[in-house]
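Asker: Need a 3D model of the sequence below.
(2 chains)
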Amino acid sequence: NAGVMQNPRHLVRRRGQEARLRCSPMKGHSHVYWYRQLPEEGLKFMVYLQKENIIDESGMPKERFSAEFPKEGPSILRIQQVVRGDSAAYFCASSPPAAYEQYFGPGTRLTVT
Amino acid sequence: GIQVEQSPPDLILQEGANSTLRCNFSDSVNNLQWFHQNPWGQLINLFYIPSGTKQNGRLSATTVATERYSLLYISSSQTTDSGVYFCAVEPSSGTYKYIFGTGTRLKVLA
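Answerer: Modelled structure (predicted):
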């Protein structure tokens, strides 16, 4: 049973470019969460999605960031016009319906040059 | 919002030593998890423990939800235990999002 998968594992973008981060939840999981970890800090919640619905995006910056979890395919976190402050590790987690334990993927390390 | 504090912030142990890591939270929670972030940055689920006590090999955890704390015990530590240990809580407001603590950075020396 494969775990949560994220790709790419490492992503380098120049300032002003777009970054697309992908997350495939564990089989049978329909809830996806995105977290961001800045260097030397803990993880901070960004957004919680179910299939085709954003449930809670209270932790996501209102500009340049968006997330989706389509009916088919992985969840996507999209960052437009990246800036150096976006450099961080982005983790995705998933959980089954009506359960609260979250399982984390290996993360995508974004570096903005 | 809820505050999650972990102690100690840093810990250095000799291989074979035991340790206790603490997580205090300022409000009631529905759920609590402990994670180990290894030196390569991967997050490993250790325990899902909203209350009670669980054991897994050399690790065990206890959560006393009514007193708003959780403890992680590491016995006979090994160098592979090095990394950062996080606790994360889901507040009782039912938001489904986890709030992570500040972490305990552990280094185990051979």
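
Asker: ok, the closest residue to residue A:4 other than its chain neighbours - how many residues close by?
Answerer: Leaving out its chain neighbours, the residue that sits closest to residue A:4 by C-beta to C-beta, 6 or more residues apart in numbering or on different chains is residue A:105, at 3.6 Å. The C-beta positions use only the backbone N, C-alpha and C, and glycine is treated the same way. Look at residue A:105: counted by other C-beta atoms under 10 Å in any protein chain shown, it has 24 neighbours.

Asker: Same question for residue A:51.
Answerer: Residue A:51 has 13 nearby residues by other C-beta under 10 Å.

Asker: Excluding chain neighbours, give the residue nearest to the most centrally placed residue in chain A in space.
Answerer: Nearest to the geometric centre of chain A sits residue A:34, at 3.8 Å (C-alpha atoms, centre = their mean). Counting by C-beta to C-beta, 6+ apart, residue A:34 lies nearest to residue A:46, which is 4.4 Å off, once chain neighbours are set aside.

Asker: in a strand, that's where the one you found is, yeah?
Answerer: Yes. Using DSSP: H, G, I helix; E, B strand; the rest coil, the assignment for residue A:46 is a strand.

Asker: ok, it - contacts?
Answerer: By C-beta atoms under 8 Å, 6 or more residues apart in numbering or on different chains, residue A:46 lies in contact with A:33, A:34, A:35, A:36, A:57, A:59, A:60, A:65, A:67, A:77.

Asker: I'd say the fifth one and residue A:47 touch.
Answerer: Yes. Using C-beta atoms under 8 Å, residue A:57 and residue A:47 qualify as a contacting pair, with a distance of 4.5 Å.

Asker: Compare neighbour counts for the two and give me the winner.
Answerer: The neighbour comparison of residue A:57 against residue A:47 (other C-beta under 10 Å) goes to residue A:47, with 24 against 17.

Asker: May I have the strands that pair with the host helix or strand of residue B:20, each with its orientation?
Answerer: Element membership of residue B:20, judged by DSSP states H and E, is strand B:19-25. Strand B:19-25 has these partner strands in its sheet, going by DSSP bridges: strand B:4-7 (antiparallel), strand B:69-74 (antiparallel).

Asker: Switch those over to a markdown table; also include distance to residue B:60.
Answerer: Listed next are these as a markdown table, based on distance: least, C-beta to C-beta, whole Å:
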| stretch | distance to residue B:60 |
| --- | --- |
| strand B:4-7 | 17 |
| strand B:69-74 | 5 |
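
Asker: circling back: find residues that contact each of residue A:57 and residue A:47.
Answerer: Shared contacts of residue A:57 and residue A:47, defined by C-beta under 8 Å, 6+ apart, are found at residue A:67.

Asker: Kindly state the pLDDT recorded for the residue nearest to residue B:36 when sequence neighbours are not counted?
Answerer: Distances taken as C-beta to C-beta, 6+ apart place residue B:44 nearest to residue B:36, at 4.6 Å, with adjacent residues excluded. We have a pLDDT of 92 for residue B:44.
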